[in-house]
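A.B. asks: below are the sequence and a predicted model; questions follow.
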Amino acid sequence: MNWLDDFKSALVSENLDRIEYLINNYPPKLAPDELECTAALLKSAAELFRTKQKELEAELNKVKKAKKYDF
């Protein structure tokens, strides 16, 4: 599987660890059409990370609220 296909797969499965690994191990050369696709996928990945961050913040706030009422 090439890098681009692997990145697509990680994005669809929302595998954040794999996405991070692939971003850190970006291939040195890509064709122009692959670069356009990669740019769009990176934008989607950034949005996924923002969404997951908001979800995590909401969960942490729930835990903090529950902790206040812990007897």
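C.D. replies: Thanks, I have it. These numbers were taken from a predicted model, which means no experiment stands behind them.

A.B. asks: could you pull up the mean pLDDT of stretch 55-62?
C.D. replies: Taken as a whole, stretch 55-62 has an average pLDDT of 94.

A.B. asks: restrict it to CA atoms and write it as CSV.
C.D. replies: C-alpha atoms of stretch 55-62 as CSV (Å, rounded to 0.1, in the frame of the first residue of the first chain):
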residue,chain,number,x,y,z
GLU,A,55,-14.8,15.8,22.2
LEU,A,56,-12.0,15.2,24.7
GLU,A,57,-12.4,18.7,26.2
ALA,A,58,-16.1,17.9,26.7
GLU,A,59,-15.4,14.6,28.4
LEU,A,60,-12.8,16.2,30.7
ASN,A,61,-15.3,18.9,31.7
LYS,A,62,-17.8,16.1,32.5
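
A.B. asks: report the buried residues of it.
C.D. replies: Buried positions in stretch 55-62, judged by neighbour count with 16 or more other C-beta atoms under 10 Å: none. No exception for glycine: its C-beta is placed from N, CA and C like everyone else's.

A.B. asks: now do stretch 39-46
C.D. replies: Neighbour-count burial for stretch 39-46 flags 41, 45 (criterion: 16+ other C-beta under 10 Å).

A.B. asks: now do that stretch: distance to the chain's middle.
C.D. replies: Centre-to-centre, stretch 39-46 and its host chain are 9 Å apart (C-alpha atoms, centre = their mean, to the nearest Å).

A.B. asks: could you list the residues in contact with that stretch?
C.D. replies: 4, 7-8, 11, 19, 23 (C-beta atoms under 8 Å, 6 or more residues apart in numbering).

A.B. asks: so where do the helices sit in the chain?
C.D. replies: Using DSSP state H, the helices assigned to the chain run over residues 3-12, 16-24, 32-68.

A.B. asks: of all the ones you listed, which gets the most neighbours per residue?
C.D. replies: Greatest average neighbour count among these goes to helix 3-12 (a mean of 16), per mean count of other C-beta atoms under 10 Å.

A.B. asks: ok, residues contacting it?
C.D. replies: Residues outside helix 3-12 that contact it (C-beta under 8 Å, 6+ apart) are 1, 15, 18-19, 22, 25-27, 30, 34, 37-38, 41, 44-45, 48.
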